[in-house]
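In: Below are the sequence and a predicted model; questions follow.
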Amino acid sequence: FRFDCSEGGVTVSVNGAEQGMAAFKGLGSAFVDVFMDDNSVSPTLKDSCVKTWSSSGNKSVAASLVELASFSNQGDSKGGATQHKLACAAMRKKIES
C-alpha cells in the first residue's frame, strides 16, 4: 500500500497501481498528523518514514508534508499566522539540513 497525501486528499496505490483518491480538503494533513505527530499511532512506522525520507532529494518533500500538516493547526489571528509562518520556515530549514 502507498498513501500519497496532498492538500486535495489522499491517493491510494496498491503494488504501484493507483486505486483512487479520497478527495477532501484537509484529509492529507490529518492523515499525516495521525502517523507523524508526537502521538503517532505507530512509532515504528514513523521511524521508517523518517529513514526513507532522509535522503537529500526527499528532505524538501518531507519538509513540505510537515508544513502542510502544521497549517491545519495555525492560529487564526494575523500575529499568530505570522509567527506560525516563521516557525514553519525554521522547521523546514532544520529538516532540509
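Out: That came through fine. All of these numbers come straight from a predicted model, not from anything done at the bench. Residues are numbered from 1 along each chain as shown.
In: where does the residue most central in space within the chain land on pLDDT?
Out: Against the mean C-alpha coordinate of the chain, by C-alpha atoms, centre = their mean, the closest residue is Leu65 at 2.8 Å. As predicted, Leu65 sits at a pLDDT of 74.
In: what about the closest residue to it other than its chain neighbours, how many neighbours?
Out: Computed as C-beta to C-beta, 6 or more residues apart in numbering, the closest residue to Leu65 that is not its neighbour in sequence is Val32, at 5.6 Å. (Each C-beta comes from the backbone N, C-alpha and C, glycine too.) Using other C-beta atoms under 10 Å, Val32 has 21 other residues around it.
In: again, but for Leu45
Out: 12.
In: Just to be sure, it is in a strand?
Out: No - counting by DSSP: H, G, I helix; E, B strand; the rest coil, one finds Leu45 to be helix, located in no strand.
In: hmm, back to that, ok now do the residue nearest to Leu65, which residues does it touch?
Out: Taking C-beta atoms under 8 Å, 6 or more residues apart in numbering, we find Val32 in contact with 5, 65-66, 68-69.
In: if I look at it, how far off is Ser40?
Out: The gap separating Val32 from Ser40 is 10 Å, by C-beta to C-beta, to the nearest Å.
In: Check Glu18 and give its pLDDT.
Out: Glu18 is given a pLDDT of 92.
In: actually Phe1, not the one I typed
Out: On the pLDDT scale, Phe1 gets 83.
In: Next, count neighbours for the closest residue to it other than its chain neighbours.
Out: Using C-beta to C-beta, 6+ apart and skipping residues adjacent in sequence, the residue nearest Phe1 is Val14, 6.0 Å away. For Val14, the neighbour count with other C-beta under 10 Å is 9.
In: Distance check, Ala23 against Lys93.
Out: For Ala23, the distance to Lys93 - C-beta to C-beta - is 31 Å.
In: how deep is Ala89 tucked in, by neighbour count?
Out: 12.
In: okay, now the closest residue to Asp33 other than its chain neighbours: neighbour count?
Out: Closest residue in space to Asp33, ignoring its immediate chain neighbours: Ala69 at 5.2 Å, by C-beta to C-beta, 6+ apart. By the measure other C-beta under 10 Å, the count of residues near Ala69 is 20.
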